[in-house]
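# Below: sequence and its predicted model.
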Amino acid sequence: MSISLSVVRWLSPVLVLLLFAAAFRAQSESARAVVTWDGGEKVKVEASVPEATRAFSFPDAVAGVEGLSKRISGIKTFSLDGTATPHRRGPLGTVFADVPVSSYSYIADLSPQTDITLGAHVSWIAFGKGILMLRDLLTSAGTEKFGVRLRLDLPEGVTAVSNETKLPDGTFAVESVSDAVFLIAPNVRRLGARVGGTELDLAIEGEWQFGDPLALKMVEQLFRHYEGIFDAAPSRKVQILLVRAPDENMRDRWRAETRGSTLVIVSSPSTYRNHGEQRFHEQLRHELLHLWIPNSLNLKGDYAWFYEGFVFYRALIAGAELGQITFRDVLGTLADVKRRSDLEGEWKALAGPKTPRLSRSTLYSRGTLAAFEADAALIRGSNGKRDLDDVLRRVYRNGRRQEEATRASEFLIREFSKWSELRPLLNTSIKDDTAPDWTRLLVLAGLEKQADGRLAAVEDPDSPQKAILKRLGYNGGR
């Protein structure tokens with residue numbers, strides 16, 4: 001059953017909800033929702049769910065952005081026959097009704113956060129464009145359990161770009177609310193490419209300091225590079241959204257996030273034109289790798305030290321492999337990672353019984369140091385026959401095959417223990433509170449710390465050191 005949007009506009013809200021409730025009885029396997037946007041910074045959401053409920057909630061915190069439930073106003077709840085039902089709001093976005101609720105509506109104020117680059121993580125609308133993330137826009141009432149049939153009622157000339165399946169009636173079939181992202185904007189430019197069995201769709205909003213064809217070339221090059229590392233594609237279709245942050249005066253600020261198979265970059269231009277291309281490549285290197293780790297893994301628990309730290313390190317190496325950054329750039333980044341790791345004092349086990357209480361910057365930096373040590377140990381211990389890619393490939397394959405989600409720490413400890421070269425690192429920095437020995441690690445990698453604090457290759461590296469240095473981008477002394 002489908003309802004013409006042109007007819008819906010002329011019906012009362014209660015009758016609209018009754019019609020959608022009737023649609024659910026005909027097709028009860030999914031929830032339904034209509035998001036109406038008139039061009040301002042607010043949207044109206046009308047939804048029905050297959051199973052009536054007396055309580056539901058609006059997400060209050062997503063990706064470190066708090067107070068999101070305060071954006072919600074004008075809540076109305078209805079029983080199965082369309083009768084308005086009393087309800088009350090509890091703390092942190094909860095809603096309680098006196099009788100079971102089958103449908104409801106509300107207004108969401110999607111004005112950008114104070115830090116507008118947070119728009120890579122939560123829904124926002126400004127200056128006639130925006131990003132809708134269903135994870136923070138819809139309620140908990142059955143949406144994740146049943147999936148959603150979503151209709152977007154947008155102003156004329158505005159298009160919606162998403163990785164979700166668009167059905168013949170114009171609605172989107174959303175299987176995972178947590179992963180669903182929609183770019184709504186006029187004048188969106190679409191470019192596509194195919195790598196193996198994967199369709200790459202790049203949607204570009206706004207003007208940038210590099211051409212659209214070059215942006216697509218970078219996407220294709222990086223995806224092909226990573227597919228070669230894992231010998232597998234993470235999904236059949238990947239959506240990349242590149243969106244100008246809604247502040248024309250801002251420079252050199254950006255945020256990015258990869259949800260499911262959708263990569264979102266909300267960015268401002270660079271101060272210097274020649275830096276724009278390099279920065280976009282940096283954003284892609286990290287976020288595209290998340291398609292494999294952790295988005296394809298069936299793991300649970302907090303293991304950001306691995307999926308951020310190890311991914312950051314591997315993306316850094318990819319930059320050198322593809323000629324986007326130099327050996328000196330890699331060494332400078334590693335030195336900075338070590339400095340940030342030391343900011344919060346004593347080392348805490350990365351995969352200990354409890355998640356270490358550290359800032360995200362420190363936790364990610366320590367994961368990166370662990371990845372560097374793991375890579376160096378594997379290269380030296382195998383005389384250059386193995387490196388960190390072999391571990392990442394096995395983690396990807398085994399973590400993806402699991403039918404039920406496994407605790408990430410247990411899984412990673414088990415996987416790391418299969419490699420004799422990784423057991424010293426596993427028993428110290430990963431399972432115990434012992435920091436990697438930085439001095440020993442530099443010697444292992446053929447590096448030395450100079451008087452000005454910078455890192456440099458030793459003058460006469462031995463064969464294993466040369467293999468590690470080559471991995472870091474070293475080429476004939478450069």
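Nice, I can see it. All figures in this text were calculated on a predicted structure; none of them were measured in a lab.
# Of all the residues in stretch 177-191, which ones are buried?
For stretch 177-191, the buried set under the neighbour-count rule, 16 or more other Cβ atoms under 10 Å, comprises V177, D179, A180, V181, F182, L183, I184, A185, V188, L191. No exception for glycine: its C-beta is placed from N, CA and C like everyone else's.
# what's the fourth one in contact with, if anything?
If a contact means Cβ atoms under 8 Å, 6 or more residues apart in numbering, then V181 has I131, L132, M133, L134, S162, N163, Q239, L241, R259, T262, V264 as its contacts.
# which residues sit against the helix or strand where the first one lies?
Assessed by DSSP states H and E, I131 sits inside strand 129-133. Surrounding strand 129-133, the residues in contact under the criterion Cβ under 8 Å, 6+ apart are 35, 37, 43, 62, 110, 119-124, 152, 180-186, 205, 241, 243, 246, 259, 264, 266.
# circling back: and the buried residues of stretch 177-191, which is closest to R423?
Taking Cβ to Cβ as the measure, R423 sits nearest to D179 out of the buried residues of stretch 177-191, at 35.7 Å.
# Pretty sure W37 sits against V43.
Yes. With contact defined as Cβ atoms under 8 Å, W37 counts as touching V43 (4.9 Å).
# quick one: common contacting residues for these two?
Common neighbours of W37 and V43, counting by Cβ under 8 Å, 6+ apart, are I125.
# out of those two, which sits in the more crowded spot?
V43 (24 against 20; other Cβ atoms under 10 Å).
# chain center to the strand holding I131: distance?
Here strand 129-133 is found 15 Å from its chain centre; the criterion is Cα atoms, centre = their mean, to the nearest Å.
# Tell me the helix or strand right after it.
Helices and strands here follow DSSP H and E; after strand 129-133, the next one along the chain is helix 134-137.
# Report the mean confidence score over that next one.
Model confidence over helix 134-137, given as mean pLDDT, is 94.
# Give the next helix or strand downstream of it.
Elements were assigned by DSSP H and E; along the chain past helix 134-137, the next helix or strand is helix 143-146.
# Run through who's touching that following helix.
Surrounding helix 143-146, the residues in contact under the criterion Cβ under 8 Å, 6+ apart are E29, S30, A31, A33, A47, V49, P50, E51, L134, S176, V177, S178.
# Tell me the one of the buried residues of stretch 177-191 nearest Q278?
Q278 has its nearest neighbour among the buried residues of stretch 177-191 in L191, at 19.9 Å by Cβ to Cβ.
# who does the helix or strand containing the closest one pair up with?
For L191, the host element (DSSP H and E) is strand 189-195. With DSSP bridges as the criterion, the sheet partners recorded for strand 189-195 are strand 198-205 (antiparallel).
# buried sites along the strand it pairs with?
By neighbour count, with 16+ other Cβ under 10 Å as the criterion, the buried positions of strand 198-205 are T198, L200, D201, L202, A203, I204, E205.
# Could you do stretch 413-427 as well?
E415, F416, W419, E421, L422, L425, L426.
# May I have the distance across it, first residue to last?
Terminal residues of stretch 413-427 are spaced 9 Å apart (Cα to Cα, to the nearest Å).
# Among the contacts of strand 129-133, which ones are in strands?
35, 37, 43, 62, 124, 152, 181-185, 205, 241, 243, 259, 264, 266 (DSSP state E).
# Look up phi and psi at the closest residue to A173 other than its chain neighbours.
On the basis of Cβ to Cβ, 6 or more residues apart in numbering, the spatially nearest residue to A173 that is not a chain neighbour turns out to be T165, at 4.6 Å. Dihedral angles of T165 (phi, psi; degrees, to the nearest 10) stand at phi -70, psi 120.
# Pretty sure T165 sits against S176.
No. When contacts are counted by Cβ under 8 Å, T165 is not listed as touching S176 (11.7 Å).
# the more surrounded of those two?
S176 (15 against 11).
# Contact partners for the closest residue in space to the more buried one that isn't next to it in sequence?
Nearest residue to S176, sequence neighbours excluded (Cβ to Cβ, 6+ apart): G260, at 6.2 Å. Contacts were defined as Cβ under 8 Å, 6+ apart; by that measure G260 touches N163, S176, S178, D179, A180, S235, N295.
# Show me how far stretch 393-405 is from its chain's centre.
A distance of 19 Å separates the centroid of the chain from that of stretch 393-405, by Cα atoms, centre = their mean.
# what's it in contact with?
Counting by Cβ under 8 Å, 6+ apart, residues outside stretch 393-405 touching it are 229-232, 292-293, 296-300, 406, 411-412, 415, 418.
# The residues you listed in helices, which ones?
Within those, residues falling in helices by DSSP state H are I229, F230, F411, L412, E415.
# P436 versus the first one, what's the distance?
Just to be clear, that refers to I229. Here the distance between I229 and P436 works out to 24 Å (Cβ to Cβ, to the nearest Å).
# Looking at these two now, which is surrounded by more residues?
Applying other Cβ under 10 Å to I229 and P436 shows that P436 carries more neighbours, namely 22 against 19.
# Pretty sure that one sits against I430.
No. Contact between P436 and I430 fails when scored by Cβ under 8 Å: they sit 10.0 Å apart.
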